[in-house]
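Enquirer: Task: produce atomic coordinates for the following.
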Amino acid sequence: MRNKFLALTLAFLLTFGICAIEAFANEFDVSLDKAEIPFFLSIGETFEVPVLFPTSSELYSFKLEIEFDEDLLLAQDIIKPINPKGIEGYKNIDNEKGRITYWYSYNGQVSNAQAIAALKFKVLKKGKANIKILNSSEFYKKMQDDSLNPINVSFDDADITFTVGETTLAPPVFEKKGARFTNSITVRFEERTDGAQIYYSASGYAYNLNQKYDDTNGIYITKDTIIYAVARLYDENNNKIAESDIVSAEFTRIYSNNTGQGGLGGGKFVPPPPVETLPATNTPEQTTPSFPDIEGHWSKSFFEKLTQKGVISGYEDGTLKPDNQVTRAEVVKIIVSSLGLKPSEDLSLSFDDNDDIADWAKGYIKVAVEKGIITGYEDNTFKPGQSITRQELVVIAARAFNISGGGELSFDDGWKIAPWAKDSVLAAVGLGIVSGYDDNEFKPTRPVTRGEACKIISLCMEI
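Expert: Numbering: from 1, shown residues only. Sure thing, here's the model as predicted:
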């Protein structure tokens with residue numbers, strides 16, 4: 001048995017050491033199958049990259065020299081072809097230098113599989129990773145006289161670069177994240193380099209994002225507008241393969257007394273957004289007013305509870321708009337009112353985007369900041385007109401109502417929940433304040449509607 005193994009090993013070495021000089025005339029492409037790499041690869045995730053070689057080449061044996069980014073990837077294995085009679089002559093994985101060397105012989109059988117090997121990697125960190133087959137690799141065909149001739153090979157498709165460490169498609173980025181303007185403004189997004197397309201809605205709703213963004217014209221607006229946008233990535237068959245989180249920005253038109261829009265004796269008038277007017281929070285319970293747009297709506301009982309307690313009173317047109325998305329400023333106002341707190345008379349705030357915060361909201365935000373209920377973003381902005389996400393609302397509600405608890409998250413997308421939100425989500429789920437969707441996802445970055453916000457706040461008031 002030992003002698004047979006030595007003989008086979010010697011034969012394999014002869015494959016690469018003693019071969020006819022005459023090269024196989026036709027040129028064949030060796031390639032890395034990038035299509036088999038998942039679009040999103042999180043840190044710690046493993047994946048395989050097939051090495052492809054044409055079956056018509058009558059490949060008999062080969063030597064692969066692979067180079068990869070050792071800072072981003074950890075090579076775990078190189079998987080041999082499905083051929084029980086083949087021989088692995090040599091395998092060496094050097095993760096310090098980012099090199100793989102692999103010798104293989106089909107041992108008398110011609111390969112009939114296009115994938116001649118598969119490279120297995122683990123993602124170490126986020127970045128643009130590169131893998132390539134070096135042109136020092138060798139491929140051989142067995143001739144009729146049993147001699148081995150080198151095959152002429154092209155390496156044009158043997159060098160691939162792809163993103164690792166990403167878990168979601170990056171959302172669109174506004175060139176200006178909200179702004180005030182006088183007559184008109186053209187809204188634009190930063191240029192994308194990932195091939196994704198941007199779709200948006202300027203109607204104030206985030207449910208019909210089907211208008212494709214054109215950077216040549218931008219988005220031209222002349223009135224108060226909240227723009228919602230999403231990035232989508234499609235394959236060559238126009239099938240959607242990825243979609244980003246939805247982002248939004250509020251753009252407010254400023255009317256001055258010389259535009260015919262007012263007679264304020266100078267200065268400027270910024271029309272407030274259509275936010276409900278809240279009565280004093282110490283108003284005694286009264287007969288529930290009737291709102292036609294919540295009849296038959298799943299959130300009706302929660303709205304009725306909050307209107308009875310004087311937390312909300314609806315819009316001037318007699319509606320509650322339960323399916324409209326709710327902004328960060330609106331949520332703060334509702335939560336502060338539900339706690340029985342009055343807005344502060346001191347409207348001074350230290351956020352860099354104070355000018356974007358309407359006066360009607362400043363007193364409530366001041367109270368919420370002082371009570372530790374809400375904070376700004378890392379760039380010291382508050383983003384008052386931005387739609388609040390599910391995980392943001394749960395965190396704010398947990399702070400406001402002193403909700404805590406423990407357990408484990410069982411949502412399929414639990415890994416998407418931000419670390420700063422996980423404890424609050426655990427507590428809220430444990431108390432039945434929030435739950436997942438039918439597909440067992442929590443969707444932490446999904447914008448919250450007014451109906452959803454009222455349900456969460458109403459249940460928190462019962463704790």
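
Enquirer: Any stretches of the stretch 351-463 of the chain with poor pLDDT?
Expert: Judged by pLDDT under 70, the stretch 351-463 of the chain has its weakly predicted residues at 406-407.

Enquirer: For it, which segments are assigned as helices?
Expert: 359-370, 390-400, 419-430, 450-460 (DSSP state H, counting those that start in this stretch).

Enquirer: Mind putting the ones you listed into a markdown table with distance to residue 254?
Expert: In short, each C-beta sits where N, CA and C put it, glycine included. As requested, the helices of the stretch 351-463 of the chain are arranged in a markdown table below (distance: least, CB to CB, whole Å):
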| stretch | distance to residue 254 |
| --- | --- |
| helix 359-370 | 14 |
| helix 390-400 | 28 |
| helix 419-430 | 35 |
| helix 450-460 | 27 |
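
Enquirer: Let's have those helices in TSV, adding distance to residue 220 and mean neighbour count.
Expert: TSV is the format used below for the helices of the stretch 351-463 of the chain (distance: least, CB to CB, whole Å; neighbours: other CB atoms under 10 Å):
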stretch	distance to residue 220	mean neighbour count
helix 359-370	28	20
helix 390-400	31	23
helix 419-430	37	18
helix 450-460	29	23
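
Enquirer: which one of the ones you listed lies closest to residue 212?
Expert: With CB to CB as the criterion, residue 212 lies closest to helix 390-400 of the helices of the stretch 351-463 of the chain, at 27.0 Å.

Enquirer: From the contact counts, what lies against that closest one?
Expert: helix 328-338, helix 419-430, helix 450-460 (3 or more CB pairs under 8 Å, 6 or more residues apart in numbering; DSSP states H and E).

Enquirer: Out of the helices of the stretch 351-463 of the chain, which is closest to residue 100?
Expert: Comparing the helices of the stretch 351-463 of the chain by CB to CB, helix 419-430 comes nearest, at 34.9 Å.

Enquirer: tell me what the closest one is packed against?
Expert: By 3+ CB pairs under 8 Å, 6+ apart, helix 419-430 packs against helix 390-400.

Enquirer: can you state the direction angle for the helix it packs on and helix 328-338?
Expert: 30 degrees (axes from the mean of the first three to the mean of the last three CA atoms, to 10 degrees).

Enquirer: Give me the contacts around helix 390-400.
Expert: Here helix 390-400 makes contact (CB atoms under 8 Å, 6 or more residues apart in numbering) with 328, 331-332, 335, 338-339, 368, 371-374, 388, 403-404, 417-418, 420-421, 423-425, 427-428, 433-434, 442-446, 448, 452-453, 456-457, 460.

Enquirer: How far away from the center of its chain is that helix?
Expert: In terms of CA atoms, centre = their mean, to the nearest Å, the centre of helix 390-400 is found 21 Å from the chain centre.
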